[in-house]
Every structure is written in structure tokens, then in C-alpha cells.
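**Student:** Quick one, what's the 3D model for this:
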Amino acid sequence: GRHSSGLLGGHNNAWGNFVDTGWGTSSRTLDADAMKDIDACSLSLHPCVEPLVTPQGVLYDKAVVFEYILDRKKELERELKAWEAQQATEASDSASALAQAQEARIDEFVARQEGLSQSDLHERQPKKGAVASTMGRSLLEADQGKHAADTSFWVPQLTPEVKQRVSKPDMAVRCPITSQPLRLKQLYSVQFTSADDDDAHSKPDAAKKANERYICPLTKKALSNINPAAVLRPSGMVVSVKAVDKIVKKDMLDPFTDPPTQLRDKDIISLRVEGTGYSARTDESQLKVSSSQAVGRF
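**Tutor:** Model (predicted):
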């Protein structure tokens, strides 16, 4: 019959149109174009010319990260000055409020000594009514009612103001990826091995794909998001994680130093790499962009 195609059988009821109407859950897996290459700087996203790595495995280009640190320090100094100015203003306002309160107490004491009533004391005080005009409208001094501020809302002096408070800045320059402190002394030099001539000091060929630029000097296999890598801190050499597990960790020695250097666990830094849609090398929540919507009932 005409209803045999089912709810989603017709062209007009395709799943894409079904999601567009606000029902179900839409999920999109990120492809390779949306992922950073294994040798790319985490700030510029370009292949690193002079790669440096943090203890958390975040890769940066030397020139880019140095510029970032300097700019961030200047920004933090500006934020600190703004916070100090705010503190000085608040201290001045507090001192002024205390002085006014003290003066009011003195006036009240004098009035009591003179035998004046509260109404007489109010008459002796200077009037603080707002006087302003906006497009021909004004609030007169005679309008001293307690609701004057509500009924004369057009007067600029009676307009409420929201003070924006500045929090005291954290003066530590932090990594934008891990939020850990970013210190120059904890940026370690990295040496990739070129896939062309096994030269660890050659510059990257940006024309090549990421999985064709560099190889592991121990296994001779290409390094990529599929074949993740680690940095041996004493030599700075980049090797595959498989080589670390099968070769390096047997003796815990760095074979690229003369003589070989004894390694500790913190001397082996795993590079942060992006996963793929078909592997769980990173958190799946970082690989998919999802938006949950209401699920209808039929």
C-alpha cells in the first residue's frame, strides 16, 4: 500500500531530513583533514622547523612558542596592572565611604547635642537630588521621593551601572593544550629522522604527506597518527612507540647517545597525536562532534 515504505522510507523522510527537523542525535566523525599532523606545531599547525616538546608530549615550533610566551607575558602584565588599578580604586572608595559615615555620625552627634529632631537634621543636610535633562525631560531637586529613581529612570545619574570586576591573573604562562605551566627550561629539543636519507637534522618537506616525511630510525617505518611516536629526552630522537616497547624498554638505554644513556620513565615522552575515526588512540569524545536532540515518540 501507500504506507508500506515506512516512516523513513521515502526520500522526503531520509535520515538527514529527519535530523534537520530536530529529532534524534546527529554525530559526525572527524576526518584526517581536521587532525593535526604528527610533526605539526600545536600553535601554528605547520610542520615544525625547530621542534620542541613539553613533558606532556605537546610539540611546538621553537620560533612560534617563544613568540607565544613573550606575548602571553605581556598580556599577563597588562591584566595585572588592571587588577592593581581596580584594587586601588576599591580601597579609595572604601576609605571615602568610611569618611562619609564618620562625618554622618559626627553630624548626628552634634544635632543631638543641640536638641534637633530627625526632621530638623534632614533639613540641615545638603540636598542630593539629581538634576539632569535628557531630550527635554528632567528630574527636579524638589523630587526627593524614595521612588524617584524608579519613576525618573531616564536621568543618567539614576541609571544603574554594572561594575566589571577583574580577577587576579595567574602569572604563569600555560600550555594552551594541557593548561600546564609552559617553561623554557622544560622545552626539549626534538630530532625527526627524514624518510629520504635517514638524516635526523634535515628540515621537513611540507610538500609531502605527514606519513611520508619521517620514519622511526629503529624500525624504519613511517611515523604518523596511525604509528605514534615518542621522544627519547637525552638524545631528542623520535622513535615509534612500538620500538620503545620492543627495543628501548628492554635495557632502558638511549641508543643514540655515546655512550648510551640510562633512561628513566620520564625520559620517554610520548608525542600527543590525533586518533582516527577507526582507532581508539585518543579519546573518542575528541574525535566526534555530536549534538543530542529530543527523541520523538510515534
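**Student:** Now do the same contact list for Ile38.
**Tutor:** By C-beta atoms under 8 Å, 6 or more residues apart in numbering, the residues touching Ile38 are 210-211, 214, 223-225, 228-229, 271, 273. (Glycine included, C-beta is placed from N, CA and C.)
**Student:** Please flag which of those residues sit within strands.
**Tutor:** Among the contacts of Ile38, the subset assigned to strands under DSSP state E consists of 214, 229.
**Student:** And the contacts of Ile38, which two are furthest apart?
**Tutor:** Looking at those by C-beta to C-beta, the two members farthest from one another are Asn211 and Leu271, with 14.0 Å of separation.
**Student:** Lowest-scoring secondary structure element of this structure by mean pLDDT?
**Tutor:** Least confident helix or strand of the chain, by mean pLDDT, DSSP states H and E, is strand 132-134 with a mean of 43.
**Student:** Which residues does stretch 86-105 contact?
**Tutor:** Surrounding stretch 86-105, the residues in contact under the criterion C-beta under 8 Å, 6+ apart are 165-166.
**Student:** Buried residues in it, which are they?
**Tutor:** If you call a residue buried by 16 or more other C-beta atoms under 10 Å, then stretch 86-105 has these buried ones: Gln86.
**Student:** for stretch 48-58, same thing?
**Tutor:** Neighbour counts using 16+ other C-beta under 10 Å place 48, 51-54, 56-58 of stretch 48-58 among the buried residues.
**Student:** quick one, helices of the stretch 101-250 of the chain?
**Tutor:** With DSSP state H, counting those that start in this stretch as the definition, the stretch 101-250 of the chain shows helices at residue ranges 118-124, 148-151, 210-213, 241-243, 249-251.
**Student:** If I average pLDDT within each of those, which one is lowest?
**Tutor:** Confidence, taken as mean pLDDT, is least for helix 148-151 of those (a mean of 61).
**Student:** Now do the contacts for the nearest residue to Met237 once chain neighbours are set aside.
**Tutor:** When the adjacent residues along the chain are set aside, Met237 lies closest to Phe256, with 4.6 Å between them (C-beta to C-beta, 6 or more residues apart in numbering). Under the criterion of C-beta under 8 Å, 6+ apart, the contact list for Phe256 reads 217, 232, 234-235, 237.
**Student:** Kindly list the main-chain dihedrals of Phe256?
**Tutor:** Comment: the main-chain dihedrals of Phe256 come out as phi -100, psi 0, following degrees, to the nearest 10.
**Student:** separation between it and Val190?
**Tutor:** From Phe256 across to Val190, the span is 12 Å (C-beta to C-beta, to the nearest Å).
**Student:** With Ala99 instead?
**Tutor:** The gap separating Ala99 from Val190 is 62 Å, by C-beta to C-beta.
**Student:** just the strands in the protein please.
**Tutor:** Using DSSP E, the strands assigned to the chain run over residues 25-29, 51-53, 59-61, 132-134, 137-139, 188-189, 193-194, 214-215, 229-232, 237-240, 253-254, 261-262, 268-270, 288-292.
**Student:** which helices and strands does the second one pack with?
**Tutor:** Translated: strand 51-53. Helices and strands touching strand 51-53, by 3 or more C-beta pairs under 8 Å, 6 or more residues apart in numbering; DSSP states H and E, are strand 59-61, helix 62-114, strand 188-189.
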